[in-house]
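>>> Mind looking at a prediction? Sequence and model below.
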Amino acid sequence: MKTTIICIETICGKISPAGFGSQKDRQFLERARAETDATLLGAGSLREGNPEFRIDGALPKNRLRAVITGSGNIPLNRAIFKHGPKPLVFVPWDVCSMLQRKLGNRAEVIGINEISEGILSLQDVMNHLKKCGARSCLIEGGGRLNYQALKQNIADELLVTIAPKIIGCTDEHDLISGHSALGQPFIDLELLSCKPDLATGEVFLHYRTAKRR
Ligand SMILES: NC(=O)c1ccc[n+]([C@@H]2O[C@H](COP(=O)([O-])OP(=O)(O)OC[C@H]3O[C@@H](n4cnc5c(N)ncnc54)[C@H](OP(=O)(O)O)[C@@H]3O)[C@@H](O)[C@H]2O)c1
């Protein structure tokens, strides 16, 4: 399973508030969706937003859409549960039947083993997506899921757009958000490509992680 993290950040490394990317970045995101079989989103991003993971305005029937939560705290009124193919919701085993009852037939809730309290094994999540037919997965954030993907060593690549913006505020979310350093203290990335867009001021970066090397 090839797994790619995709995000847009400010120059100061923040990924919120939402909606600061250009139309060009939106097209870049939708192309990445079109080239992958599944999207995985952190529950925090679903609680703060209302994404549906459309491509050219449509919701492809055979593309998987998945959300991950350790708490089971999923807003039930989001558009992802109303339109398009039934999304998957990955949860710890002990909240599985409670959340399935709440969501009814609007989603498929899947129990996954925890590696620590409230933290699911992303390898098991990827294995489940593979069983459903996916060969690639786009991790669409936010920062805490991105951190887990790197910590659990399941991310092959990162697609990071740097927007020509600075917010300078600690309250906003970080691109990679966790408590301890991922490496000693850094993890090293290999730059595969770097494409500046002079019209929008954005820079499109493509990195490979150690997992791929
Ligand atoms: N700029 C961008 O490209 C971009 C992209 C996406 C999101 N965002 C922004 O990012 C912000 C949210 O980021 P965030 O870091 O707070 O949240 P997040 O990463 O979207 O979600 C974090 C939550 O996801 C669940 N989760 C993640 N990994 C898990 C694991 N291994 N096992 C179990 N649960 C797991 C947990 O849910 P529970 O708390 O339910 O246990 C965790 O608290 C929003 O403002 C959103 O707009 C920006």
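Perfect, thanks for sending it.
>>> In terms of pLDDT, where does the nearest residue to residue 165 once chain neighbours are set aside sit?
Setting aside the residues directly before and after it, residue 165 is nearest to residue 10 in space (Cβ to Cβ, 6 or more residues apart in numbering), at 4.5 Å. Quick note: C-beta positions are derived from backbone N, CA and C, even for glycine. The model reports residue 10 with a pLDDT of 98.
>>> And residue 210, by the same measure?
Reported pLDDT for residue 210: 80.
>>> For it, give me phi and psi.
Dihedral pair for residue 210: phi -60, psi -30, per degrees, to the nearest 10.
>>> OK, contacts around it?
153, 187-188 (Cβ atoms under 8 Å, 6 or more residues apart in numbering).
>>> what ranges do the helices span in the chain?
Taking DSSP state H as the test, the helices found in the chain are 23-34, 43-48, 93-103, 122-131, 143-151.
>>> could the contacts of residue 210 be laid out in a markdown table, adding distance to the ligand and neighbour count?
Putting the contacts of residue 210 into a markdown table (distance: Cβ to the nearest ligand atom, whole Å; neighbours: other Cβ atoms under 10 Å) gives the following:
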| residue | distance to the ligand | neighbour count |
| --- | --- | --- |
| 153 | 12 | 14 |
| 187 | 17 | 15 |
| 188 | 22 | 9 |
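>>> Next, count neighbours for the residue lying closest to residue 192 once chain neighbours are set aside.
The shortest distance from residue 192 to any non-neighbouring residue, by Cβ to Cβ, 6+ apart, is to residue 206 (4.4 Å). Counted by other Cβ atoms under 10 Å, the residues lying close to residue 206 total 16.
>>> Give me every residue in this structure lying close to the ligand.
Within the chain, the positions near the ligand by Cβ under 6 Å from any ligand atom are 7-8, 15-16, 18, 42-45, 48-49, 68-71, 73, 118-120, 122, 140-145, 148, 173, 177.
>>> Quick check on those: which are buried?
7-8, 15-16, 42-45, 49, 68-70, 120, 122, 140-145, 148, 173, 177 (16 or more other Cβ atoms under 10 Å).
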